[in-house]
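S.K.: I would like to see how this sequence folds:
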Amino acid sequence: MDERLYNAMLKGDLSTFNQLIGEDSLLLGKAILNRKDKNPLHLATIMGNVDFIKEIFLHLNDSSTRDYMCLAGDRDGRNPLHLAAMFGKLEVLQVLIRMRNQAASQMCLAFYRDDRNPLHLAAMHGELEVLQVLIPNAVHHMCLARDRDGRNPLHLAAMFGKLEVLQVLIRIGDQLAFQMCLACDRDGRNPLHLAAMHGKLEVLRQLIGANFPAALQKTDGGGTILHLCVKYNQLEALKLIIDRIKDRAFLNAKNEDGMTVLHLAIYYGNKEAVVHIVEHSKIKVNSKDANEKTGFDLLLGQADIDPQVKSSLLKHEALRGTYVFKIKLQEWIEKRRDAIMVVASLIATMAFQAGISPPGGVWQDDLLDGPNPHKAGEALMALTHPKYFRVLIVSNTIAIVSSLSTIILLMGRSHFSSRHLVPLMSFAMLVAVTTIAITFAASLVSVAPRDARRQFRDTKPGEVVSISPRLNDLIIIKGWDCGSSSAVFLENFAL
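M.R.: Predicted coordinates for the structure are as follows:
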């Protein structure tokens, strides 16, 4: 640019400017073509000199040259409208927009180096009046346009705490404001996330009060806005969000590592955050992360354990992960205790009855001599079906011992570890049910006539019809395998 022209513009000397243009009508054209950075329109915009801008347009009769000057970017790619929005030159902005030609529309939509349009710049720099001039002329995709970091104007207003600008943007239209608020940047963060990260409390209040669901939205890492508050040490923002949002699922949400906000606060050693989360929210203090650790586990794993944090956690019944498992087992036992006790007692009763009153009855007299010597009270079955009697005695004894063992385990459960109690009880009940079934089978066969036993042996498996639907359910129950059969059986049998 000609040095005389440059100095005249810097000094705001309009008469010298007009004199130079009068001496050389091509001076402006040369300034456009030979520039290294800013052209005369850029300088006039930065200076906020509307008279210079009007004179420039007056001397540029050729519309193509005028449009070229309007759309030309400086060294950073900013056109005059970008500069007017950035520096808050309201009158200049109005003059440029009132051109109402193709260049004006293109200036509004043009991006500079960081892919930001004039609306981005006005929002970022808090130029409220500029924003109010731009919005009526802004098209839909200008408001939703994203810069290099994937942020729209609402992201920037929230991040830099420009409250008045933000209020204008969220009133721009329900649908458009909704889209801007839910839009995520390159890191998966919406405007509310950015406001929390940078501690912009008034912005947070405004956005939460607008009832946008953005507060419940997760980032790409699976964390919530609460996780961001802890990560970036924004305690006041954390308190505000916990006070405003009472959703339990939100408070107990986990990130990709399975960590709740409590896990994260303990991990980062944020004492104030831990105490506030535990004392003022309905978070599950014994929730486990991906490594099956509770927040208390993480605390105990630290070299320097804060006594206030430990006291607060213990006050709310925080436990280590292994104890949480034991408690769940204990709850499982307690819920099914009465049902298991009834079943065990019933099996013990049946086994006792089969023992003192075997099938076929007992001898009523003594006979010491003869082909079948016996004494009164001895079982007839021992003589008539010795093989089945041996089976009955063994299986019946095992059944009564197993059922009585289950009763003892239930009655003295406080003296046993839950980790060992469930497998023992499950095994005992499985053995009891199996052996009482064998006892019944041996009894049935021993009292059946020989022809009936022969017919039963000849019966095909497909012809057997289940008498009890409940027994049939137990036989065909799905998921039965060697590793979990006892536990599955116990749970289903007790229902």
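
S.K.: check contacts around the closest residue to V168 other than its chain neighbours.
M.R.: Spatially, and ignoring its direct neighbours in sequence, V168 is nearest to L131 (5.8 Å; C-beta to C-beta, 6 or more residues apart in numbering). Yep, even glycine has a C-beta here, placed from its N, CA and C like the rest. Contacts for L131 (C-beta atoms under 8 Å, 6 or more residues apart in numbering) come out as 119, 122-123, 165, 168-169.

S.K.: could you pull out the helices for the stretch 51-200 of the chain?
M.R.: Using DSSP state H, counting those that start in this stretch, the helices assigned to the stretch 51-200 of the chain run over residues 63-71, 80-87, 90-97, 102-109, 118-125, 128-134, 140-144, 153-159, 163-170, 174-182, 191-197.

S.K.: how near is the closest residue to N396 other than its chain neighbours to S345?
M.R.: Distance criterion C-beta to C-beta, 6+ apart; nearest residue to N396, sequence neighbours excluded, is T439 at 4.6 Å. Plainly put, T439 is 16 Å away from S345 if you go by C-beta to C-beta, to the nearest Å.

S.K.: so between the two, which is more surrounded?
M.R.: Taking other C-beta atoms under 10 Å, T439 and S345 do not tie; T439 has more neighbours (27 against 14).

S.K.: ok, the more buried one touching A351?
M.R.: Yes: with contact defined as C-beta atoms under 8 Å, T439 counts as touching A351 (6.8 Å).

S.K.: who's in contact with T439?
M.R.: T439 neighbours (C-beta under 8 Å, 6+ apart): 350-351, 354, 392, 395-396, 399.

S.K.: now the buried members of these.
M.R.: Buried residues within these, counting neighbours by 16 or more other C-beta atoms under 10 Å: 350-351, 354, 392, 395-396, 399.

S.K.: so which of those is the closest to S312?
M.R.: Distance to S312 across these (C-beta to C-beta) is lowest for A399, with 52.0 Å.

S.K.: how is the protein divided into domains?
M.R.: Domain assignment for the chain, taken from automatic domain parsing, gives 3-232, 233-319, 328-494.

S.K.: tell me the pLDDT at the residue nearest to N396?
M.R.: pLDDT for T439: 88.

S.K.: which element follows whichever strand or helix holds L346 toward the C-terminus?
M.R.: Assigned by DSSP states H and E, L346 belongs to helix 321-356. Downstream of helix 321-356, the next assigned helix or strand under DSSP H and E is helix 381-384.

S.K.: now do stretch 304-318, average pLDDT.
M.R.: What stretch 304-318 shows for mean pLDDT is 82.

S.K.: would you mind listing the buried residues in it?
M.R.: For stretch 304-318, the neighbour count (16+ other C-beta under 10 Å) marks 309, 312-313, 318 as buried.

S.K.: any chance of these in TSV, with distance to P423 too?
M.R.: Converted to TSV, these look like this (distance: C-beta to C-beta, whole Å):
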residue	distance to P423
V309	36
S312	36
L313	31
A318	27
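
S.K.: and the contacts of stretch 354-372?
M.R.: Around stretch 354-372, the neighbours that count as contacts under C-beta under 8 Å, 6+ apart are 373-384, 389, 392, 396-397, 400, 439, 443-444, 446-447.

S.K.: filter these to the buried ones?
M.R.: Neighbour counting over the contacts of stretch 354-372 (16+ other C-beta under 10 Å) leaves 374, 379-382, 389, 392, 396, 400, 439, 443, 446 as the buried ones.

S.K.: now the helix or strand in which L240 is found: how far from the chain's centre is it?
M.R.: Element membership for L240 (DSSP H and E) is helix 235-244. Relative to the centre of its chain, helix 235-244 is centred 19 Å away, using C-alpha atoms, centre = their mean, to the nearest Å.

S.K.: and it, what does it pack onto?
M.R.: On a contact count with 3 or more C-beta pairs under 8 Å, 6 or more residues apart in numbering; DSSP states H and E, helix 235-244 meets helix 191-197, helix 201-209, helix 225-231, helix 271-280.

S.K.: buried deepest among the ones you listed, which one?
M.R.: Highest mean neighbour count among those (mean count of other C-beta atoms under 10 Å): helix 191-197, with a mean of 28.

S.K.: helices or strands up against that one?
M.R.: Packed next to helix 191-197, using 3+ C-beta pairs under 8 Å, 6+ apart, are helix 153-159, helix 174-182, helix 201-209, helix 225-231, helix 235-244.

S.K.: want to try TSV for those helices, with mean pLDDT and distance to Q364 as columns?
M.R.: Output for the helices and strands packed on helix 191-197, formatted as TSV (pLDDT from 0 to 100; distance: least, C-beta to C-beta, whole Å):
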stretch	mean pLDDT	distance to Q364
helix 153-159	93	97
helix 174-182	86	90
helix 201-209	91	89
helix 225-231	94	82
helix 235-244	93	82
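
S.K.: and of the ones you listed, who's closest to S405?
M.R.: Across the helices and strands packed on helix 191-197, the minimum distance to S405, taken as C-beta to C-beta, is reached by helix 225-231, at 49.4 Å.

S.K.: coming back round to it: give the residues shared as contacts by T439 and A351.
M.R.: Common neighbours of T439 and A351 (C-beta under 8 Å, 6+ apart) are 396, 399.

S.K.: show me the contacts for the residue nearest to G126 when sequence neighbours are not counted.
M.R.: Closest residue to G126 apart from its sequence neighbours, by C-beta to C-beta, 6+ apart: K162 at 4.0 Å. Going by C-beta under 8 Å, 6+ apart, K162 touches 123-126, 156.

S.K.: now swap in L144 and tell me
M.R.: 152, 176, 179-180, 183.

S.K.: of these, just say which sits nearest to F212.
M.R.: M180 (9.5 Å).

S.K.: correct me, but A157 touches L169?
M.R.: Yes: taking contacts as C-beta under 8 Å, A157 lies within contact range of L169: 6.0 Å.

S.K.: these two: which is more packed in?
M.R.: A157 (32 against 26).

S.K.: quick check: that one vs E127, distance?
M.R.: Taking C-beta to C-beta, one finds A157 at 11 Å from E127.
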